[in-house]
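Colleague: kindly generate the corresponding structure for this input.
(one chain, ligands or ions: 1)
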Amino acid sequence: MSGEKQQKMEELAALCRQCDSCGLCLGRHNVVFGVGDPDAEVMFIGEGPGEQEDLRGEPFVGKAGILLDKYLAAIDLDRHKNIYIANIVKCRPPQNRDPEDKEQDTCLPWLRKQFAVIRPKIIVCLGRIAAARIIKPDIRITREHGKLFRKGGVIMMPVLHPAALLRNPRDKAPALEDFLRLQELIKNECEHTYGPD
Ligand code: URA
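Modeller: All right, here's what the predicted structure looks like:
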């Protein structure tokens with residue numbers, strides 16, 4: 001991990017923890033800034049923190065996160081080693097409702113600053129909200145998950161949100177296919193060794 005990127009990210013996180021630019025700050029226990037290696041070539045983006053994430057200050061640590069970690073492990077990815085995970089909004093929307101457009105707009109500059117530090121080669125959008133924000137507003141996640149999009153030199157893949165997979169277990173097999181495709185993509189596009197230790 002390069003010390004420089006790590007330090008930049010810590011400085012950004014410290015600033016973000018003071019953010020009170022939208023109403024979501026009123027109900028939060030923690031700002032959920034992001035987790036992982038800022039040197040990673042692959043970045044995952046979710047929608048926003050849920051209850052567990054809000055309590056622990058880390059993205060994807062509830063039931064959906066446990067499932068996500070299994071898919072990551074299946075393709076030799078690890079949230080603490082070779083990827084970075086962040087969300088569109090950094091504070092929990094009440095009752096886990098979708099983040100409103102205005103909340104997303106207000107929070108997006110933090111994500112842009114994270115991109116600027118990490119400069120990922122591949123972005124994986126977890127679910128419709130992230131894919132609509134990052135890839136294209138009219139994305140049809142049920143039809144377009146697993147497809148590749150290119151924007152500004154970055155390869156982007158929308159995948160089904162792990163919380164949706166918990167609700168619809170029949171989608172777990174196609175979701176795994178998307179992750180296997182991602183593994184191939186990483187092998188072809190990334191310089192770092194992404195295999196097992
Ligand atoms: N769902 C998300 O989109 N992000 C999280 O961090 C947790 C659940």
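Colleague: who does the residue of the chain found nearest the ligand bridge with?
Modeller: The ligand sits closest to Gly46 of the chain, with a gap of 2.9 Å, by C-beta to the nearest ligand atom. To be clear about C-beta, it is placed using only N, CA and C from the backbone, and glycine gets the same treatment. For Gly46, the beta-bridge partners under DSSP bridges are Asn87.
Colleague: now the residue nearest to Asp138 when sequence neighbours are not counted: which helix or strand?
Modeller: Closest residue in space to Asp138, ignoring its immediate chain neighbours: Ala132 at 7.5 Å, by C-beta to C-beta, 6 or more residues apart in numbering. Ala132 belongs to helix 128-134 when elements are defined using DSSP states H and E.
Colleague: which other helices and strands contact whichever helix or strand comes after that helix?
Modeller: Sequence order places helix 141-144 as the next helix or strand after helix 128-134, per DSSP H and E. Helices and strands touching helix 141-144, by 3 or more C-beta pairs under 8 Å, 6 or more residues apart in numbering; DSSP states H and E, are helix 128-134.
Colleague: same for the helix it packs on, what does it pack against?
Modeller: strand 42-46, helix 101-118, strand 122-126, helix 141-144, strand 154-159.
Colleague: quick one, which of the ones you listed gets closest to Asn168.
Modeller: Nearest of the helices and strands packed on helix 128-134 to Asn168, taken as C-beta to C-beta: helix 141-144 at 9.8 Å.
Colleague: what residues of that closest one count as buried?
Modeller: Neighbour-count burial for helix 141-144, counted by 16 or more other C-beta atoms under 10 Å, picks out 141, 144.
Colleague: tell me the strands beside the helix or strand following that helix, with direction?
Modeller: The helix or strand immediately downstream of helix 141-144 is strand 149-151, counting by DSSP H and E. The strands that strand 149-151 pairs with in its sheet are strand 154-159 (antiparallel) (by DSSP bridges).
Colleague: next, the angle from the partner strand to helix 101-118.
Modeller: 130 degrees (axes from the mean of the first three to the mean of the last three C-alpha atoms, to 10 degrees).
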